[in-house]
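Chemist: Just a sequence and a predicted model for now, questions to come.
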Amino acid sequence: MVGSTGSVVLAASVIGVASRRFFGSNEPDDYFSWDDLPEPDLQVDVTTTREWDALTEAFEDVRGLHLRALMALDGRREAMTCEVGDLYLDFTRHRATPVLLDALVAVAERAGVAERRDAMFSGEHINSTEDRAVGHVALRCPESARFSIDDDDVVPEVHRVLAAMADLTERVHSGDWVGATGEPIRTIINVGIGGSDLGPEMAYRALRRYRRDGIECRFVSNVDPAGIAAAIDGADPATTLVVVVSKTFTTDETLTNAHTLKEWIRAGVAPPAGGDDGTNGDDPIGEDEAVDDDNDGPDDEAWVAQHFVAVSTNAEAVAAFGIDVDNMFRFWDWVGGRYSVWSAVGLSLMLAVGEDHFRQMLAGGHEVDEHFRTQPLRQNAPVLTGLLRVLYRDLYGFPTHAVLPYAADLGRFPAYLQQLDMESNGKRVRLDGSPATLRTGAIVWGQPGTNGQHAFYQLLHQGTSIVPVDLIAFSESADDSGDHQRKLLANALAQGRALAEGRSEDEAIEAGVPEAQVAHRTFPGNRPSTTILAGELTPGVLGQLIALYEHSVFTQGAIWGINSFDQWGVELGKELAADVLEQLESDEAQDAPEGAARWVLDHPHD
């Protein structure tokens, strides 16, 4: 049956402590010990089912076969390719067969992937540890749709926020919104961290061709002073609008950067002493507006609202900062940060590319949502990508996964997916608190080709570690007036072939490789890859790509029986940082810890 979290609850059979080993390993887990975990009533997992037994049998039939042999099998292309929206996915270069894919789908059915998916689309609280719905798909619903969370249709509110974002965007683009000195806005600085930074920055870079002339976006997340210095370098405070993104408006890194920017803009828009400001003594901020005597600058209420807007839920804290609450854009606790680029968190992106292009991105995401929601698992692109990830993580035992976009504009896409994937599925316990019995989230990494080909592809082709990869490429580019794009596409397609087929010793000799180099210039091949193709990187295609990976992550988490929508692992370090900061700022040397913190105290900053 389906429980309150939307997960499937199976018969009450338990796994004893002695069986706490990951599937496929004869040794206890070698990364950490389970000894510190409690002993709750353990829920049955897929590794105890007949479907998993059938999967392992199908796997044993395939695991010793080389991709050259697999790719020669009849009917492979028809059975192992998939399309969704503008995306074409080629799974033929995977160490799997249609029979093995069928067995993976059977495991997904037994694990309740479809039921958990339906629970998410029904607004159930599948984020059980925080007792929250998971509603990011509602953010890209059309206005005519309905999406209920706690018996409330949230779509109208989503579209009210989108309309407010569009209104601000139009005012900035038209020059109607001006700074304290009356000049139009030319620079947007997005202040946020995690999903409040990675998503908007990734999409801003990806949609370079769609940016509005005269508007530049900059992003600052890290509390590192170099980050804020880079964000303001060459910018004019008088023409800068800061978007502060913080759900609670209490995030330390975000508020530290926001206050620094507040002082920077204050200094930039304050008239010099004596009124020598080019306005014949007229205060451009307003004759009747007060001046903050402590800072020799304009009063906060007179100018902050012209240079700052907020994306938050804490109106009181936003107002205390000096931001007009009418310029506070709401988002909701049923949207996790790493899933929030579709919401007001993407305000800086809309300011950069305009409402129409932002909505095209939403529409692309929704198209994949509908595919994921309605298609059978065996024809479901996000499900198949997720199942192949489970295959490599848990049966082949490959610990990492590389995302290699052959598009410079997707330069931040791998970093974005790192958070999406690793923060979602880097979990060691299942929904019921019992230890995971399968290895969960892989390490995700990558960078664009062809730069990567001259860096780490050496390891991909000839190293002792096998890394499954995603090759993302486009057949066209509006930037290309020659043959650049065809060469780039040729490299992407050639890499998939080279990884799969390799080159034998005989082929190396036939190619004229000197005898002394033959061993060094043979390639084992048998390296799996997914090729994802589209015509061009448009806002809609970007939305499709993001949603494809979101639902792939969902599928993996559902198989593993974990909560992909909390992130407790990020908390401990932040909590300890507050204690360490207090120690570093204390005059009581005896309270300071040893080691690195002791060194900092012994080498004070001048």
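Modeler: Here it is on my side, so go on.
Chemist: Run the chain-centre distance for stretch 312-326.
Modeler: Relative to its chain's centre, stretch 312-326 lies at 27 Å (C-alpha atoms, centre = their mean, to the nearest Å).
Chemist: can you list the residues that contact that stretch?
Modeler: For stretch 312-326, contacts defined as C-beta atoms under 8 Å, 6 or more residues apart in numbering pick out 244-250, 258, 262, 300-301, 304-305, 308-310, 328-333. Yep, even glycine has a C-beta here, placed from its N, CA and C like the rest.
Chemist: same thing with stretch 453-460?
Modeler: 402, 447, 465, 467, 469, 491, 495, 499, 527.
Chemist: could you list every residue that touches residue 80?
Modeler: Residue 80 touches 90-92, 94, 96, 98, 101, counting by C-beta under 8 Å, 6+ apart.
Chemist: Filter those residues down to just the buried residues.
Modeler: 90-92, 94, 96, 101 (16 or more other C-beta atoms under 10 Å).
Chemist: from the contacts of stretch 453-460, which single one is nearest residue 414?
Modeler: residue 447 (6.1 Å; C-beta to C-beta).
Chemist: Over to residue 189. Which of the three states is it?
Modeler: Assigned by DSSP: H, G, I helix; E, B strand; the rest coil, the conformation of residue 189 is strand.
Chemist: count of residues packed around it?
Modeler: Other residues within reach of residue 189, judged by other C-beta atoms under 10 Å, total 26.
Chemist: residues touching it, list them.
Modeler: Residues near residue 189 by C-beta under 8 Å, 6+ apart: 217-220, 231-232, 235, 240-243, 261.
Chemist: Okay, and which of those residues map to helices?
Modeler: Filtering these for membership in helices, criterion DSSP state H, returns 231-232, 261.
Chemist: What helix or strand is residue 88 located in?
Modeler: Using DSSP states H and E, residue 88 sits in strand 87-90.
Chemist: thinking again about what came up before, would you turn the contacts of residue 189 into a markdown table with neighbour count?
Modeler: Shown next, in a markdown table, are the contacts of residue 189 (neighbours: other C-beta atoms under 10 Å):
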| residue | neighbour count |
| --- | --- |
| 217 | 19 |
| 218 | 20 |
| 219 | 23 |
| 220 | 26 |
| 231 | 22 |
| 232 | 19 |
| 235 | 19 |
| 240 | 25 |
| 241 | 25 |
| 242 | 26 |
| 243 | 28 |
| 261 | 23 |
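Chemist: Among these, which one sits closest to residue 125?
Modeler: Of all the contacts of residue 189, residue 125 sits closest to residue 243, with 30.1 Å by C-beta to C-beta.
Chemist: Please name the bridge partners of the closest one.
Modeler: For residue 243, the beta-bridge partners are residue 190, residue 309 (DSSP bridges).
Chemist: Pretty sure residue 191 is one of the things it touches, is it not?
Modeler: Yes - with contact defined as C-beta atoms under 8 Å, residue 243 counts as touching residue 191 (6.7 Å).
Chemist: For the longest helix anywhere in the chain, list every residue counted as buried.
Modeler: Identified as the longest helix of the chain according to DSSP H is helix 539-560. For helix 539-560, the neighbour count (16+ other C-beta under 10 Å) marks 539-560 as buried.
Chemist: and the next helix or strand after it, what other elements does it pack with?
Modeler: Later in the chain than helix 539-560, the nearest helix or strand by DSSP H and E is helix 571-584. With contacts defined as 3 or more C-beta pairs under 8 Å, 6 or more residues apart in numbering; DSSP states H and E, helix 571-584 has these neighbours: helix 596-602.
Chemist: Filter the contacts of stretch 312-326 down to the buried ones.
Modeler: Neighbour-count burial (16+ other C-beta under 10 Å) applied to these gives 244-247, 249, 258, 262, 300, 304-305, 308-310, 328-332.
Chemist: So, low pLDDT: which residues of the chain?
Modeler: Residue ranges of the chain with pLDDT under 70: 1-44, 270-302, 587-595, 597-598, 601, 604-606.
Chemist: PyMOL command to pick out the buried ones of the contacts of stretch 453-460?
Modeler: Buried residues among the contacts of stretch 453-460 (16+ other C-beta under 10 Å), as a PyMOL selection:
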select buried, resi 402+447+467+469+495+499+527
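Chemist: ok, the contacts of stretch 453-460 vs residue 378, which is closest?
Modeler: Of the contacts of stretch 453-460, the one sitting nearest to residue 378 (C-beta to C-beta) turns out to be residue 469, at 23.5 Å.
Chemist: so where do the strands sit in the stretch 401-550 of the chain?
Modeler: 443-445, 469-474, 529-534 (DSSP state E, counting those that start in this stretch).
Chemist: any chance of those in a markdown table, with distance to residue 504 too?
Modeler: What follows is the strands of the stretch 401-550 of the chain, written out as a markdown table (distance: least, C-beta to C-beta, whole Å):
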| stretch | distance to residue 504 |
| --- | --- |
| strand 443-445 | 29 |
| strand 469-474 | 22 |
| strand 529-534 | 19 |
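Chemist: Among the ones you listed, which comes closest to residue 377?
Modeler: The nearest among the strands of the stretch 401-550 of the chain, by C-beta to C-beta, is strand 529-534 at 17.2 Å.
Chemist: other SSEs contacting that closest one?
Modeler: Partner elements for strand 529-534 (3+ C-beta pairs under 8 Å, 6+ apart): strand 87-90, strand 469-474, helix 484-501, helix 539-560.
Chemist: Max pairwise distance over the contacts of stretch 453-460: which two?
Modeler: Checking those with C-beta to C-beta, the most distant pair is 465 and 491, at 22.4 Å.
Chemist: list the contacts for the residue nearest to residue 220 when sequence neighbours are not counted?
Modeler: In space, and not counting its chain neighbours, residue 220 is closest to residue 231: 4.1 Å by C-beta to C-beta, 6 or more residues apart in numbering. Listed by C-beta under 8 Å, 6+ apart, the contact set of residue 231 reads 189, 218-220, 257, 261.
Chemist: of those residues, closest to residue 349?
Modeler: Closest to residue 349, out of all of the contacts of residue 231 and judged by C-beta to C-beta, is residue 219, at 10.4 Å.
Chemist: Can you get me a residue count around the nearest residue to residue 330 once chain neighbours are set aside?
Modeler: Closest residue in space to residue 330, ignoring its immediate chain neighbours: residue 161 at 5.7 Å, by C-beta to C-beta, 6+ apart. As a burial measure, residue 161 scores 18 neighbours (other C-beta under 10 Å).
Chemist: As a markdown table, the helices and strands packed on strand 529-534 with distance to residue 75 would be great.
Modeler: Below are those laid out as a markdown table (distance: least, C-beta to C-beta, whole Å):
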| stretch | distance to residue 75 |
| --- | --- |
| strand 87-90 | 15 |
| strand 469-474 | 23 |
| helix 484-501 | 18 |
| helix 539-560 | 25 |
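Chemist: Ok, which of these comes nearest residue 339?
Modeler: helix 539-560 (6.5 Å).
Chemist: Alpha carbons only: can I get the closest one in CSV?
Modeler: Provided in CSV are the C-alpha atoms of helix 539-560 (Å, rounded to 0.1, in the frame of the first residue of the first chain):
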residue,chain,number,x,y,z
PRO,A,539,15.3,28.3,-23.1
GLY,A,540,12.8,25.5,-23.7
VAL,A,541,15.6,22.9,-24.2
LEU,A,542,17.3,24.1,-21.0
GLY,A,543,14.1,23.6,-19.1
GLN,A,544,13.8,20.1,-20.6
LEU,A,545,17.4,19.2,-19.6
ILE,A,546,17.0,20.4,-16.0
ALA,A,547,13.7,18.5,-15.5
LEU,A,548,15.1,15.4,-17.1
TYR,A,549,17.9,15.3,-14.5
GLU,A,550,15.5,16.2,-11.6
HIS,A,551,13.3,13.2,-12.4
SER,A,552,16.2,10.9,-12.9
VAL,A,553,17.4,11.9,-9.4
PHE,A,554,13.9,11.2,-8.1
THR,A,555,13.9,7.7,-9.7
GLN,A,556,17.2,6.8,-8.1
GLY,A,557,16.0,7.9,-4.7
ALA,A,558,12.8,6.0,-5.0
ILE,A,559,14.7,2.8,-5.8
TRP,A,560,17.0,3.2,-2.9
